[in-house]
Structures are given as structure tokens and as C-alpha cells.
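# Turn this into a model:
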Amino acid sequence: MSNCQLSIILASTSPRRKQLLAEAGFKFTVFPPDIDEAAFLSDRISPREYAEQLGLAKAKNVAARFPSRLVIGADTVADFNGQIIGKPADAKEAEQITKKLFSAPHKVITAVAIVRLIDDIELCESDTTTVYPEKLTAEQIAEHIKSKSWQGKAGAYAIQENGDEFIERIEGSLTNVMGLPMELLQRLLRRLKEGQIGCEADEE
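Numbers count the residues shown, from 1 in each chain. Alright, predicted model coming up:
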């Protein structure tokens with residue numbers, strides 16, 4: 001496995017994902033993917049399928065530029081009774097999402113994809129956390145929208161920024177809700193390291 005030394009690129013500009021990787025001791029560089037996320041939406045796709053397809057597409061998009069590097073892509077969505085809730089486009093949508101998600105328990109799904117084109121490595125799995133929200137007052141919702149902290153965040157909130165105020169409890173991985181389930185990522189990288197996924201492309 002000497003040719004499996006990790007040279008990681010994170011296919012994301014998310015500050016939360018960068019923070020989680022750095023805190024876990026990973027050495028990596030960042031390269032943003034060029035993906036039209038709306039193109040992956042359809043009436044027939046589930047939240048999990050959407051997250052996994054988009055996470056893989058992000059990783060493959062960047063891997064095409066760096067075929068010898070190990071690229072990590074990820075995508076996070078909120079699942080409200082099977083409805084895909086992504087990043088709000090504006091304050092009005094953020095308010096609508098906040099009122100919906102904080103009326104009942106919902107799920108947060110993050111897909112993690114690992115791609116290295118030179119040896120045909122392509123992995124993609126997802127993790128799910130159930131979030132039990134606090135009941136927000138109209139004043140709390142208005143203050144949240146005014147703060148603009150919802151910008152760029154799936155579900156219009158970030159648990160690490162206002163979790164005590166917004167969340168009663170969760171069932172599952174906290175880092176999953178933050179945007180990169182580190183337990184899942186470590187399992188995938190362990191499979192790679194242990195040789196369960198070969199470093200050489202399969203021969204025909």
C-alpha cells in the first residue's frame with residue numbers, strides 16, 4: 001500500500017468542513033467544484049439519493065482536474081418528511097424553511113464521496129442524524145433571519161453556531177449536522193488504507 005499515501009483535496013469551500021478536517025489533523029488543500037446543484041433535483045429523487053449524487057459529482061468534478069489526488073466531496077441536505085431542504089436562496093426562503101424545520105423533528109443527511117481517478121477509486125456513502133428542534137418564537141425567527149447566519153447553510157441554520165437556542169437534542173452524529181460526518185469519513189479512509197479498495201485499477 002506504499003502507493004496509497006493520502007494527498008487530499010477537499011472539493012468544498014465550506015468553512016465548517018475545512019474546520020472539521022483540520023481539527024482531525026488532516027493535511028489538505030481546497031478546490032471548489034463547479035456544479036449546478038439544481039440540475040440534480042427531480043420529483044423522483046429522495047433526499048439521500050440527491051445528497052449522494054451531488055456529493056459524488058462534486059468530488060468527480062474536482063478529481064477530473066487532479067486525477068492522481070484523493071478528492072473528498074460532500075453534500076448536506078435536510079430531509080423534512082421526504083422533502084429535500086437545501087440552502088435558502090434569500091431571506092424569504094430562509095424564513096419559510098426555518099418555520100418548517102423548527103415545527104417538527106427532521107433529518108440531516110450528509111453524503112461523503114472519495115474519488116481518485118488514477119486508480120479508479122470511487123466511494124460514496126451517507127449518514128443521517130435526526131434533529132429534535134426547539135420551538136422558536138416569532139421573535140427568534142425574525143432575529144435569525146436578520147442575522148443572515150442562514151446564508152449558505154442547508155436547512156438555513158448551523159448547529160455549531162446556535163445549537164443551544166435551536167436544538168433540543170439530536171440522535172446521531174453531530175459532525176454530520178455540521179456538514180462532514182467524521183465517523184463516516186474515517187471508516188471510508190480506513191477501508192482504503194486497509195486495502196479493501198485496491199490502489200491499482202482492476203485489470204480486465
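# quick one, longest helix in the protein?
Ranked by residue count under DSSP state H, the longest helix found in the chain is helix 47-63.
# so where's the protein uncertain?
Where the chain drops to pLDDT under 70, the residues are 1-6, 158-164, 195-204.
# how much does the longest strand belonging to it deviate in direction from helix 47-63?
Using DSSP state E, we find that the single longest strand of the chain is strand 121-133. In this structure, strand 121-133 runs at an angle of 140 degrees to helix 47-63, with axes from the mean of the first three to the mean of the last three Cα atoms, to 10 degrees as the basis.
# Output the contacting helices and strands for strand 121-133.
On a contact count with 3 or more Cβ pairs under 8 Å, 6 or more residues apart in numbering; DSSP states H and E, strand 121-133 meets helix 47-63, strand 106-116, strand 167-171, helix 174-178, helix 182-193. Placement of C-beta: from N, CA and C, glycine included.
# hang on, the earlier thing: neighbouring contacts of the longest helix of the chain?
Contacts of helix 47-63 from elsewhere in the structure, counted by Cβ atoms under 8 Å, 6 or more residues apart in numbering, are 9, 11-12, 31-35, 37, 40-41, 45, 69, 71-79, 82-84, 107, 109-117, 122, 124-126, 128.
# Output that helix in CSV, but only the C-alpha positions, please.
Below are the C-alpha coordinates for helix 47-63, written out as CSV (Å, rounded to 0.1, in the frame of the first residue of the first chain):
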residue,chain,number,x,y,z
PRO,A,47,-33.1,13.4,-0.1
ARG,A,48,-30.4,10.6,0.4
GLU,A,49,-30.1,10.0,-3.3
TYR,A,50,-29.8,13.7,-4.0
ALA,A,51,-27.1,14.2,-1.4
GLU,A,52,-25.1,11.2,-2.6
GLN,A,53,-25.4,12.1,-6.3
LEU,A,54,-24.3,15.7,-5.6
GLY,A,55,-21.5,14.7,-3.2
LEU,A,56,-20.1,12.3,-5.8
ALA,A,57,-20.5,14.8,-8.6
LYS,A,58,-18.5,17.4,-6.6
ALA,A,59,-15.7,15.0,-6.0
LYS,A,60,-15.6,13.8,-9.6
ASN,A,61,-15.7,17.4,-10.9
VAL,A,62,-12.5,18.3,-9.0
ALA,A,63,-10.9,14.9,-9.5
